[in-house]
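K.L.:
need a 3D model of the following:
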Amino acid sequence: MSIAAISAVSDSQIAAVRAAHPGAFATPAATIRRWAPLAIAIIYIIGSMWYFDFGRLFDSSERVLRLLRSFVVWRDMDTWSYSQIYVGIAQTLAMAFLGTLLGTMGALFVGFLAARNVMPVRVVRQIVRRILDILRGIDQLVWGLVFVRAVGLGPLAGVLAIFVSDLGTLSKLYSEAIENIDRKQVEGVRATGAGQIGIIRYGYIPQVLPVFISQSLYFLESNTRSATILGIVGAGGIGMIIIERFRASLYDQVAFVVLNVLILIFAIDWLSKRVRLWAIGEKHDA
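P.N.:
Reported below is the predicted structural model:
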């Protein structure tokens, strides 16, 4: 279109085109709406950096380097209490395993009560779901503090904290898996005249069992890390050893303990993968 042709377009025609295609023309309001979120995000980031005083990192750089050096330079290793460390690691693993096992067993029952296609009574289903919301809505560390106060220091408080937290989360995940099963298999089992227990055993369980095993194995790995944190608040295990070493400024021993915990988690992850593939009937790589 030539310049002459453009100049021949009247203001009313331009207004009509704007009204017909408002998104094709930039307006001050549209520009503000487009760039305002980015400007707010930048202002928030800058304000957060000022509020939290990140400049102190540069002032304490020498102290940070000294701390990091203490982690990697191990001294007097022959005097370390290895038996206490590995007993603590064993307690942490047992705490995570038992808490996950109890949570899984409880979720196998509660998950069916929260599933829409198994529990037809809406009131019961909603009550169960709200209780599960409460259980998983409270952080596992808070449950640890509650049970340390209730039953005293030691691994029992950690086991109970993991059990209650996992019961809320696993039951929610299990119920969702149950609601997404293939109804044809369930109807086939029902057509044989099986009762409700038989329908659940042969119609639901075979379909959801691999999912249940996979989710529980992941929680076992996650709870091994959580059990370490629970030990710091008094729930026993390796966490108590870590906090004791920190208070005594034995940072080299802290690094040694953390390294062993990482190796344990890697081993659990490797084993979980094998069990998971076995559960779904697939071969795993060497």
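
K.L.:
give me the number of residues near residue 50?
P.N.:
10 (other CB atoms under 10 Å). Yep, even glycine has a C-beta here, placed from its N, CA and C like the rest.

K.L.:
distance check, it against residue 42.
P.N.:
Look at residue 50 and residue 42: by CB to CB, to the nearest Å, they are 13 Å apart.

K.L.:
shared neighbours of the two, anything?
P.N.:
Shared contacts of residue 50 and residue 42 (CB atoms under 8 Å, 6 or more residues apart in numbering): none.

K.L.:
work out for me the element the nearest residue to residue 162 once chain neighbours are set aside sits within.
P.N.:
Setting aside the residues directly before and after it, residue 162 is nearest to residue 99 in space (CB to CB, 6 or more residues apart in numbering), at 2.7 Å. Using DSSP states H and E, residue 99 maps to helix 82-113.

K.L.:
now that helix: buried residues?
P.N.:
Of all the residues in helix 82-113, those buried under the rule 16 or more other CB atoms under 10 Å are 85, 88-89, 91-104, 106-108, 110-113.

K.L.:
cool, and stretch 197-214?
P.N.:
In stretch 197-214, counting by 16+ other CB under 10 Å, buried: 199-200, 202-204, 208, 210-214.

K.L.:
phi, psi of residue 206?
P.N.:
phi -60, psi -30 (degrees, to the nearest 10).

K.L.:
from the buried residues of stretch 197-214, which is closest to residue 150?
P.N.:
Taking CB to CB as the measure, residue 150 lies nearest residue 212 of the buried residues of stretch 197-214, at 29.4 Å.

K.L.:
I'd say the closest one and residue 104 touch.
P.N.:
Yes - with contact defined as CB atoms under 8 Å, residue 212 reaches residue 104; the gap is 7.4 Å.
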